[in-house]
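Q: no letters, just coordinates:
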């Protein structure tokens, strides 16, 4: 605490006043307790002198009172004068004690004020650092208060008076219904408020904010909301950049995967092209006969149309896998996705000696997801299974779908060497691969895709091979939050 400054002029006046009281008390014969006037000196000295000086002054006043009595009466006991002296001494002692108590109370109050100012400064600094402002709303009159940081977040100067109109004025028009609904609930004191929306600032920038508020009640039952508003623009932009990176990485993985499937792609396209050529030659022969067979020629043309449609479907599937687009979540039939994937990988399956089993649960409910991304996951799991079984005999591959507890599960089981205990916990780590020439990005990308769909992906040993599976929520129960992947039961 800072030391109290003394004022020489005031101190001199107090000392002169003390001397004057002593002179009057000692050298006059007034029939009154003149020494009580020392109390005035103590009261005047209290705001000027430090505590120890005040104590010394009180003790000095007591001594001066006793000295004045001796000067006036000697050592004789004069009842009336002695009584007045004792009353004066008691008054001086009480006044000194009260002055000291007042000084201590004043010092404590000043310390609390300083602590409060420091706390306010710390709070303001913490709010600036965390980009979080505080506010309060009284119900039902809607009177608002907010901190300087809250005003800054909403795009106003720190001394701006808050109100509902100011809040709505800088709210992005598309988000105003959301904010209006939250304010309406606040005015009705209907539970806590948790809303994220955007602000359109005067300079045209967009700011993302997250508002949390809880209702409290005073002794009279009146409702008031206390809350915090946080500027989450940096976090949202980082999430958007991360999402864009995921999309680009997934696209790069698909393009790389198509390179590995070049033979299968060529085979898929070559089959309908071969059928087109064969049907065209047959149709020409039927038309160039001495008696053209129009019926057979039309059948050949129909074959050309069918083969062309099949080729177009193959090209569209390949183009969809190669195209870089934002994910589009729609209702999907995973059974159809499995069948379409098997057709796309048919050549990879045919050129390997294996027994393929497809077990699709009938009546499987739809899931919400992006067809291209989910097919990328399934292709990756199937190709990993095929590569794990290369060079082995009695190979078996099983693709299975089923419904379980509000989720749809797709599993790919192989009869390869299985998963080593040391590798099980690291399979989905970036850049970890059990292949000599693997980059270790396929499975992490699969996990990222499934997590963004609100599902889980897992791997487990199922001797003599392994099973990779992922599950997605049924369309009606699709969650909006992401879950981390872990082992499935």
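A: That came in fine, so what should we check first? Here the structure is a predicted model, which is why all the values come from computation and not from measurement.
Q: just give me the neighbour total for the spatially closest residue to residue 157 that is not a sequence neighbour.
A: What sits nearest to residue 157 in space, not counting adjacent residues and going by C-beta to C-beta, 6 or more residues apart in numbering, is residue 151, at 6.5 Å. In short, each C-beta sits where N, CA and C put it, glycine included. Each residue near residue 151 was counted by other C-beta atoms under 10 Å, and the total is 19.
Q: what's the answer for the one 5 residues further on, then?
A: Residues near residue 156, counting by other C-beta under 10 Å, number 20.
Q: in what helix or strand does the residue nearest to residue 157 lie?
A: The secondary structure element spanning residue 151 is helix 148-153 (assigned by DSSP states H and E).
Q: do the same with residue 204
A: Residue 204 is part of no helix or strand, with elements assigned from DSSP H and E.
Q: ok, residue 398 next?
A: When elements are assigned from DSSP H and E, residue 398 belongs to strand 395-404.
Q: give me the sheet partners of that strand and which way each runs.
A: Sheet pairing for strand 395-404, assigned by DSSP bridges, gives strand 354-359 (parallel), strand 407-414 (antiparallel).
Q: comparing these, which comes out most buried?
A: When the strands paired with strand 395-404 are scored by mean count of other C-beta atoms under 10 Å, the highest mean neighbour count falls to strand 407-414 (a mean of 23).
Q: so where's the stretch 351-489 of the chain shaky on pLDDT?
A: Within the stretch 351-489 of the chain, the set of residues satisfying pLDDT under 70 comprises 421-422, 424-425, 430-441, 477-489.
Q: tell me the domain ranges of the protein?
A: Recorded structural domains for the chain (assignment: automatic domain parsing) are 8-124, 131-231, 234-326, 328-489.
Q: report the mean per-residue pLDDT for the third one.
A: Going back to what we said before, that points to domain 234-326. For domain 234-326, mean pLDDT is 71.
Q: same thing with the first one?
A: Confidence for domain 8-124, expressed as mean pLDDT, is 80.
Q: what segments of the stretch 251-400 of the chain are helices?
A: All helices of the stretch 251-400 of the chain, identified by DSSP state H, counting those that start in this stretch, fall at 262-287, 294-322, 334-344, 346-350, 371-388.
Q: list the buried ones in the shortest one?
A: Spelled out, that is helix 346-350. Within helix 346-350, the residues that count as buried by 16 or more other C-beta atoms under 10 Å are 347-348.
Q: immediately after the helix or strand where residue 11 lies, which helix or strand?
A: Under the assignment given by DSSP H and E, the secondary-structure element containing residue 11 is helix 8-27. Taking DSSP H and E as the definition, the helix or strand that follows helix 8-27 towards the C-terminus is helix 38-45.
Q: which elements pack onto the helix holding residue 151?
A: Using 3 or more C-beta pairs under 8 Å, 6 or more residues apart in numbering; DSSP states H and E as the contact criterion, the secondary-structure elements in contact with helix 148-153 are helix 79-130, strand 132-138, strand 223-231.
Q: okay, buried residues for the longest strand belonging to the chain please.
A: Among the elements of type strand in the chain, defined by DSSP state E, the one spanning the most residues is strand 206-217. Within strand 206-217, the residues scored as buried using 16+ other C-beta under 10 Å are 207-211, 213, 215.
Q: could I get the residues you listed as CSV with distance to residue 222 and pLDDT?
A: CSV is the format used below for the buried residues of strand 206-217 (distance: C-beta to C-beta, whole Å; pLDDT from 0 to 100):
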residue, distance to residue 222, pLDDT
207, 32, 91
208, 33, 92
209, 27, 91
210, 27, 90
211, 22, 89
213, 16, 87
215, 11, 86
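Q: distance to residue 131 added to those, as CSV?
A: What follows is the buried residues of strand 206-217, written out as CSV (distance: C-beta to C-beta, whole Å):
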residue, distance to residue 131
207, 10
208, 11
209, 9
210, 10
211, 13
213, 17
215, 24
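Q: beta-bridge partners for the residue lying closest to residue 139 once chain neighbours are set aside, please?
A: Closest residue in space to residue 139, ignoring its immediate chain neighbours: residue 223 at 4.1 Å, by C-beta to C-beta, 6+ apart. When bridges are taken as DSSP bridges, the partners of residue 223 come out as residue 217.
Q: ok, the one 4 residues further on next?
A: Beta-bridge pairing of residue 227, defined through DSSP bridges, involves residue 135, residue 213.
Q: count the residues that sit near it.
A: When neighbours are counted by other C-beta under 10 Å, residue 227 comes out with 20.
Q: list the residues that contact it.
A: The contact partners of residue 227, by C-beta atoms under 8 Å, 6 or more residues apart in numbering, come to 134-137, 193, 211-214.
Q: and it, what pLDDT?
A: Per-residue confidence for residue 227 comes out at a pLDDT of 84.
Q: use 439 as the first number for this chain going forward.
A: Noted, 439 is the first residue going forward, which turns the last one into residue 665.
Q: distance of the nearest residue to residue 662 once chain neighbours are set aside from residue 895?
A: Across the structure, with C-beta to C-beta, 6+ apart as the measure, the residue nearest residue 662 apart from its sequence neighbours is residue 576 (5.1 Å). Shown here: residue 576 relative to residue 895, a distance of 50 Å by C-beta to C-beta, to the nearest Å.
Q: got it, and residue 637?
A: With C-beta to C-beta as the criterion, residue 637 and residue 895 are 38 Å apart.
Q: and residue 723, by the same measure?
A: Counting by C-beta to C-beta, the gap between residue 723 and residue 895 amounts to 54 Å.
Q: next: residue 462.
A: Between residue 462 and residue 895 the distance is 100 Å, computed by C-beta to C-beta.
Q: is it true that residue 504 touches residue 527?
A: Yes: Residue 504 sits in contact with residue 527 when judged by C-beta atoms under 8 Å, with a separation of 7.3 Å.
Q: and the two? Which one has more around it.
A: For residue 504 and residue 527, the more surrounded residue by other C-beta under 10 Å is residue 527, and the numbers stand at 20 against 15.
Q: and the helices of the stretch 689-838 of the chain: which comes nearest residue 515?
A: The minimum distance between residue 515 and those falls on helix 809-826, with 109.3 Å, by C-beta to C-beta.
Q: tell me what angle the closest one forms with strand 845-852.
A: Compare the direction of helix 809-826 with that of strand 845-852 by axes from the mean of the first three to the mean of the last three C-alpha atoms, to 10 degrees and you get 30 degrees.
Q: any idea of the angle helix 809-826 forms with helix 772-782?
A: Going by the same axes, to 10 degrees, helix 809-826 makes 60 degrees with helix 772-782.
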